[in-house]
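[1] The amino acid sequence is not available; the structure is as follows:
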């Protein structure tokens, strides 16, 4: 199973870069997780002011340039995780947050082709008979 984790950092002083110790510990966690295969991809997100939201409604497509959410709601990064279960993915997120510090992660399972229910033609024919 694959999961998407969206990380929203807790309040931090503006303009203060992460410490060398923090960066080393995070790099170690990422390297170990990549080598073991539980971390598929990870990345930080650019500031929301550089983003856009695209909305389609009826015949109209609207583009809204960022920023468009409150600062406390901003995702700062993402990770795609490979896990045997939701519980395993939650443990990975807990390990990340121990290093990352204050903040939260939203964890969502990524839908894969086998997860999409297919209409059963035989079952539909049987109910019509």
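    Yep, that arrived. For clarity, every value in this text was computed on a predicted model and none was experimentally measured.
[2] Okay, now the unreliable bits of this protein?
    Counting by pLDDT under 70, the chain shows low-confidence ranges at 69-73, 119-129.
[3] So which residues of it form strands?
    2-9, 39-44, 52-57, 60-65, 77-82, 103-109 (DSSP state E).
[4] Need these in CSV (columns: mean neighbour count and distance to residue 20).
    Where you see a C-beta, it was placed from the backbone N, CA and C, and this is true even at glycine. Converted to CSV, the strands of the chain look like this (neighbours: other C-beta atoms under 10 Å; distance: least, C-beta to C-beta, whole Å):
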stretch, mean neighbour count, distance to residue 20
strand 2-9, 18, 18
strand 39-44, 14, 17
strand 52-57, 9, 34
strand 60-65, 9, 35
strand 77-82, 18, 19
strand 103-109, 15, 20
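[5] Show me the contact partners of whichever helix in the chain runs longest.
    When the chain is parsed with DSSP state H, its longest helix is helix 20-36. Here helix 20-36 makes contact (C-beta atoms under 8 Å, 6 or more residues apart in numbering) with 18, 39, 42, 92, 95, 96, 99, 100, 101.
[6] Now for residue 79: which residues touch it?
    If you count contacts by C-beta under 8 Å, 6+ apart, then residue 79 has 4, 5, 7, 39, 40, 41, 42, 96 around it.
[7] for these, which one is nearest residue 59?
    Closest approach to residue 59 among the contacts of residue 79 (C-beta to C-beta): residue 4, at 31.1 Å.
[8] Now distance to residue 31 too, for the strands of the chain, in TSV please.
    Below are these laid out as TSV (distance: least, C-beta to C-beta, whole Å):
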stretch	distance to residue 31
strand 2-9	17
strand 39-44	9
strand 52-57	33
strand 60-65	36
strand 77-82	13
strand 103-109	19
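[9] Residue 54 reaches residue 61, doesn't it?
    Yes - between residue 54 and residue 61 there is a contact at 6.6 Å, judged by C-beta atoms under 8 Å.
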